[in-house]
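>>> Just to be clear, the model below is a prediction. Sequence and coordinates:
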Amino acid sequence: MTHLGIDVGGTKVALRLRAASGEHTEAVFRWPGERTVEADLAALAAHTRALLGAGHETVEAVGVAMPATLDVRGRVATWPGRPFWRGVRLRDELAALLPGTRVDCADDGDLAALAEADAADCRNLVYLGVGTGIGGGIVLDGRLVPGTGRGSCEVGHVIVDRAGERCDCGRHGCVQAIASGPATLRRAARLRGAPVEFTELRDAFTAGRDWAVAALDESAAALAAAAVSLAELVHPERVVVGGGFAAGIPGQLTAVEAHVSRLARPGTAVPGIHPARLGGLSSLHGALLLARSAPTAPTGHR
């Protein structure tokens, strides 16, 4: 049977097709510049058809990793990163695109956590995904927390600084408002006194430029605070830091580890910090797992 995983992000979309033969094919595209629902859905449809080929190969099931809040019918309730998607019936759109195909949607952070736990053969894991937002999930005894039908694990909205930056959710000091890719780039721009692109930040950090080191160190401190706080609650075997932004900055994980060590509580072991085994593709692999296994997974937002 053929299965399709789709990882819907704030700036780009990744697709992974697993053919009946077991072979995998992947594609990635960025959202069009128009920033309208019509343009986005047209791009999603075009790239999905292109991946399936001229014959539009029959797909048994589609798993979708989403950073938006979806209701039980698969309709977008809220998505701060693309607010104009509110009300979109994503499940229906995909079902119309691929008639007869089962479509399941779940939170991208939850699916990333499941995929990383599966890849590491670990039953107790905390995952932090750093990208356009901060996603994440908790797997305990092989199961997602908080559990089916009770919402997603909103790691990105753990508050790590009550006086911190305002988050897209409206609160101040969420780890997402401090450590996400866009938040880190904004901080870097303020410290540099000029706009900063991702590649400039990466290269400047590698070269040890003060403004880049300071910008990323603040993000690392926020991630460490979230990791330590979650570890106090659930005592995972592994804390995994992944996502495209984190994976693209060599040395960022070392900075997170250093801050975790500073936050160690006397008499307790600090959680081990590990890179994502699946790199920036954790959510995509999780979406494909969802399509292949069709579990009932919680929906949520970032």
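Okay, I see it.
>>> I figured Gln176 hits Gly136, correct?
No. Here Gln176 does not reach Gly136: they are 9.6 Å apart, not a contact under C-beta atoms under 8 Å. C-beta: built from backbone N, CA, C; applies to glycine.
>>> These two - which one has more neighbours?
A side-by-side neighbour count of Gln176 and Gly136, using other C-beta atoms under 10 Å, places Gly136 first with 35 against 30.
>>> tell me the secondary structure for the more buried one?
Secondary structure for Gly136, judged by DSSP: H, G, I helix; E, B strand; the rest coil, is strand.
>>> for Gly33, same thing?
Strictly by three-state DSSP, Gly33 counts as coil.
>>> before we move on, back to that, please enumerate the shared neighbours of Gln176 and Gly136.
Gly156 (C-beta atoms under 8 Å, 6 or more residues apart in numbering).
>>> Now do the helices in the protein.
Taking DSSP state H as the criterion, the chain carries its helices at 37-52, 90-97, 108-120, 175-179, 181-192, 198-206, 210-234, 244-247, 252-262, 282-293.
>>> could you redo these as CSV and give each row distance to Ala19 and mean pLDDT?
CSV is the format used below for these (distance: least, C-beta to C-beta, whole Å; pLDDT from 0 to 100):
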stretch, distance to Ala19, mean pLDDT
helix 37-52, 10, 94
helix 90-97, 18, 90
helix 108-120, 19, 93
helix 175-179, 36, 96
helix 181-192, 32, 97
helix 198-206, 33, 97
helix 210-234, 37, 96
helix 244-247, 25, 88
helix 252-262, 34, 94
helix 282-293, 12, 91
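>>> of all those, which lies closest to Met1?
Closest to Met1 of the helices of the chain is helix 282-293 (C-beta to C-beta; 8.4 Å).
>>> by how many degrees do that closest one and helix 108-120 diverge?
80 degrees (axes from the mean of the first three to the mean of the last three C-alpha atoms, to 10 degrees).
>>> Which strands and helices lie in contact with helix 282-293?
Applying 3 or more C-beta pairs under 8 Å, 6 or more residues apart in numbering; DSSP states H and E, one finds that helix 282-293 makes contact with strand 3-8, strand 12-18, strand 61-66, strand 102-107, helix 108-120, strand 125-130.
>>> list the helices and strands the last one packs on?
Secondary-structure packing of strand 125-130 (3+ C-beta pairs under 8 Å, 6+ apart): helix 108-120, strand 134-140, helix 210-234, strand 238-242, helix 244-247, helix 282-293.
>>> got a list of contacts for the last one?
By C-beta under 8 Å, 6+ apart, the list of residues contacting helix 282-293 from outside reads 3-7, 9, 14-16, 18, 26, 60-65, 104, 106, 108-116, 118-119, 127, 129, 135, 242-243, 276, 278, 297.
>>> rewinding a little: turn the helices of the chain into a markdown table, including distance to Ile159.
Output for the helices of the chain, formatted as a markdown table (distance: least, C-beta to C-beta, whole Å):
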| stretch | distance to Ile159 |
| --- | --- |
| helix 37-52 | 31 |
| helix 90-97 | 29 |
| helix 108-120 | 17 |
| helix 175-179 | 8 |
| helix 181-192 | 14 |
| helix 198-206 | 25 |
| helix 210-234 | 9 |
| helix 244-247 | 20 |
| helix 252-262 | 17 |
| helix 282-293 | 23 |
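>>> so Ile6 makes contact with Leu17?
No. With contact defined as C-beta under 8 Å, Ile6 and Leu17 do not form a contacting pair (9.8 Å).
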